[in-house]
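1. please find the sequence and the predicted model below.
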Amino acid sequence: QKEVEQDPGPLSVPEGAIVSLNCTYSNSAFQYFMWYRQYSRKGPELLMYTYSSGNKEDGRFTAQVDKSSKYISLFIRDSQPSDSATYLCAMSAGANSKLTFGKGITLSVRP
Amino acid sequence: DAGVTQSPTHLIKTRGQQVTLRCSPKSGHDTVSWYQQALGQGPQFIFQYYEEEERQRGNFPDRFSGHQFPNYSSELNVNALLLGDSALYLCASSFPSGGLETQYFGPGTRLLVL
């Protein structure tokens, strides 16, 4: 079993839709949870960073962490064509420790 | 601020050869981590350098080695290249007190092994 499992894709939605991206993990040591966005031929870009269980909102993005269920989600409201990218969840056991990534899901937002 | 820069952008090698990839961290950052991202996969941690020492290492063979220089730039060396080493190699920099939230990734070096 992989430490981090991410819902498989690809995912295609119409502009304006609400998108839900999900990851599960098996390692209880993970304390830091991140979502990255990666455009084609670019490096990953940090979107959301959370430490505790609960919700964190930043504009159209909401990150949700449920440590008891070992489940994290990223919600994108009012999705835009510019949101079309690969989304990666990542986790770490320490503030300066290595990141363990999910496989990534490719999102396409149709105009 | 140029952010994290990596060179070269693309590279083609043949099996058995050796390759060196380079990374310059974002200004003010002193910690460098390297990741390997195979096509269609998430990045996998190779190792991390801080104060010119390897601080953490992932599950990669000894063919993968690295170095950090006094100016915090870093090199990743891969010996005896295999076809399976074909991937995007990402460098990320951060500063220790800032933690993962301060970590920035470079654009990567795309390596193709024939």
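-> Yep, it's here. A quick note: this is a predicted structure, and the numbers were derived from the prediction, not measured. Residues are numbered from 1 along each chain as shown, chains lettered A, B, ... in the order given.
2. what is the burial count for the closest residue to residue B:6 other than its chain neighbours?
-> Leaving aside its chain neighbours, residue B:6 sits nearest to residue B:106 (4.2 Å; criterion: CB to CB, 6 or more residues apart in numbering or on different chains). The C-beta positions use only the backbone N, C-alpha and C, and glycine is treated the same way. Close neighbours of residue B:106, defined as other CB atoms under 10 Å in any protein chain shown, add up to 24.
3. look up how far residue A:99 lies from residue B:106.
-> Residue B:106 is 15 Å from residue A:99, where distance means CB to CB, to the nearest Å.
4. go on, residue A:108?
-> Taken as CB to CB, the span from residue A:108 to residue A:99 is 25 Å.
5. could you do residue B:85 as well?
-> 20 Å.
6. likewise for residue A:35?
-> The gap separating residue A:35 from residue A:99 is 12 Å, by CB to CB.
7. how about residue B:110?
-> To residue A:99, residue B:110 is 20 Å away according to CB to CB.
8. ok, residue A:55 next?
-> 22 Å.
9. same drill for those two, tell me which one is more crowded.
-> A direct count of neighbours by other CB under 10 Å for residue A:55 and residue A:99 places residue A:99 higher, at 23 against 11.
10. for the more buried one, give me the pLDDT.
-> Residue A:99 carries a pLDDT value of 93.
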